[in-house]
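# coords below, sequence missing:
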């Protein structure tokens, strides 16, 4: 069943946004080889468009940035965003952010993610740690999850050396979009089973998380010709590149189909409150809504935030009104979770 024409008409994107999505999708397609490998040289053509942003230790728009190495042998590092308007007496939360890109593309220093994390740091008044995890297919599952968790351990051990003194690691949030949203969930599960000295994850912001399964959902079928970024053809390729070769895993593995037949039981875990963001013209929206419903069935605090008239990765584009709306909603969510700690104290 096709999406009604009147519904498609509501997808009104600025020309600038459409060009950016088309360009990113085209480069992705040309760099994705049929044998499941990535032609990195093709994707690096984007570097000539000056889409990389260097760290900036001088305050810019109220935020200064630096790059911190965690493990140089595997290229694990993060970009640190510190708001300069905060006072030494402020108790700043920390947001550990995982970028999107289907586990195979992009990085924290891409201008879109640098700008988004800068907005999070400034608008939320939080320190943001944007993780450069290893990419598939050169590094397949579970490399990305190991990297994400290792950054949490690094922050817990090196807090006094790396982070400003007014950062409170007991107010830690995991956030991410697309593949990063998937990572945020699974790293949070691992964190729930770990004993940190100072770090405590109290919230997850899952922005259009990249989940899937063997089934073809209604949204995947109906939006096949409308979705500008995450078509079934692209997501099938990305999952194939992500899964271990010869490992007997398919798209119904719990790391992909998080709420499916092989779902992990989190009912007994102290899993943090979670905000799930969904867009109406995102092929993955059915999987995302199932994730939200699964969290509720598991007895967890969960909130569903829907933007019916926009697309996958919308919040990367500041020209879209929904982009700033999302930042505002994330700020309210984070402040709400932090206020609970104040009340307990």
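Thanks, I have the structure now. Predicted model, so just to flag it, every value in this text is computed and none were measured. Numbering: from 1, shown residues only.
# Helices of the stretch 51-200 of the chain, residue ranges please.
Using DSSP state H, counting those that start in this stretch, the helices assigned to the stretch 51-200 of the chain run over residues 111-124, 143-162, 179-192.
# Now do whichever helix or strand comes after the last one against helix 143-162: the angle between them, please.
For helix 179-192, the succeeding helix or strand toward the C-terminus, using DSSP states H and E, is strand 201-207. Counting by axes from the mean of the first three to the mean of the last three CA atoms, to 10 degrees, strand 201-207 points 130 degrees away from the direction of helix 143-162.
# How far does strand 201-207 sit from its chain's centre?
10 Å (CA atoms, centre = their mean, to the nearest Å).
# Looking at the helices of the stretch 51-200 of the chain, which one is packed in the most?
helix 179-192 (a mean of 24; mean count of other CB atoms under 10 Å). Placement of C-beta: from N, CA and C, glycine included.
# Contacts for that one, please.
For helix 179-192, contacts defined as CB atoms under 8 Å, 6 or more residues apart in numbering pick out 96-103, 133, 144-145, 148-149, 152, 174-176, 199, 201, 204-211, 255-256, 258, 264, 266, 269-272, 274, 277, 291.
# could I get the helices of the stretch 51-200 of the chain as JSON lines with distance to residue 339 and mean pLDDT?
Below are the helices of the stretch 51-200 of the chain laid out as JSON lines (distance: least, CB to CB, whole Å; pLDDT from 0 to 100):
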{"stretch": "helix 111-124", "distance to residue 339": "14", "mean pLDDT": "96"}
{"stretch": "helix 143-162", "distance to residue 339": "23", "mean pLDDT": "98"}
{"stretch": "helix 179-192", "distance to residue 339": "20", "mean pLDDT": "98"}
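# Format those as a markdown table; extra columns: distance to residue 80.
Rendered in a markdown table, the data for those read as follows (distance: least, CB to CB, whole Å):
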| stretch | distance to residue 80 |
| --- | --- |
| helix 111-124 | 9 |
| helix 143-162 | 7 |
| helix 179-192 | 17 |
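# between these, which gets nearest to residue 330?
The closest of those to residue 330 is helix 111-124. By CB to CB, the value is 6.6 Å.
# contacts for that closest one?
Counting by CB under 8 Å, 6+ apart, 50-53, 60-63, 65, 79, 81-83, 85, 93, 95, 97, 99, 106-108, 126-128, 130, 175, 315-318, 324, 327-328, 330-331, 334 sit against helix 111-124.
# among these, which ones are buried?
51, 53, 63, 65, 79, 81-83, 93, 95, 97, 99, 106-108, 126-128, 130, 175, 315-317, 327, 330, 334 (16 or more other CB atoms under 10 Å).
# So which of those are in strands?
Among the buried ones among the contacts of helix 111-124, the ones falling in strands (DSSP state E) are 63, 65, 79, 81-83, 93, 95, 97, 127-128, 130, 175.
# now residue 33, nearest residue through space, not along the chain?
Take residue 33 and drop its neighbours on the chain: the residue closest to it by CB to CB, 6 or more residues apart in numbering is residue 39, 5.9 Å away.
# Next up, the contacts around that neighbour.
30-33.
# Pick the one among these closest to residue 230.
For those, the nearest to residue 230 is residue 32 (13.2 Å; CB to CB).
# Can you spell out which residues form a bridge with that closest one?
residue 38 (DSSP bridges).
# How about residue 68?
residue 78.
# hang on, the earlier thing: buried only: go through the contacts of helix 179-192 for me.
Buried among those by 16+ other CB under 10 Å: 96-103, 133, 144-145, 148-149, 152, 174-176, 199, 201, 204-211, 255-256, 258, 266, 269, 271-272, 274, 277, 291.
# coming back round to it: quick one: buried ones out of the contacts of residue 39?
Judged by 16+ other CB under 10 Å, buried ones among the contacts of residue 39: 31-32.
# Tell me the one of the contacts of residue 39 nearest residue 300?
residue 32 (35.2 Å).
# Now do the closest one, the pLDDT please.
Residue 32 is assigned 91 on the pLDDT scale.
# Equivalent analysis for the one 4 residues further on, please.
Among the per-residue scores, residue 36 holds a pLDDT of 87.
# do you know how far it is from residue 164?
43 Å (CB to CB, to the nearest Å).
# Where is the longest helix in this protein?
Counting by DSSP state H, the longest helix found in the chain is helix 321-344.
# Now do that helix against strand 201-207, angle only.
170 degrees.
# What residues sit buried inside helix 321-344?
So, applying 16+ other CB under 10 Å, buried residues of helix 321-344: 322-323, 326-327, 329-330, 333-334, 337-338.
# got a markdown table for the residues you listed, with pLDDT and distance to residue 70 too?
Formatted as a markdown table, these follow (pLDDT from 0 to 100; distance: CB to CB, whole Å):
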| residue | pLDDT | distance to residue 70 |
| --- | --- | --- |
| 322 | 97 | 33 |
| 323 | 96 | 29 |
| 326 | 98 | 28 |
| 327 | 97 | 27 |
| 329 | 98 | 30 |
| 330 | 98 | 25 |
| 333 | 98 | 27 |
| 334 | 98 | 24 |
| 337 | 97 | 26 |
| 338 | 96 | 26 |
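# can you put those in CSV and add distance to residue 239?
CSV is the format used below for the buried residues of helix 321-344 (distance: CB to CB, whole Å):
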residue, distance to residue 239
322, 27
323, 27
326, 26
327, 29
329, 29
330, 27
333, 29
334, 31
337, 32
338, 36
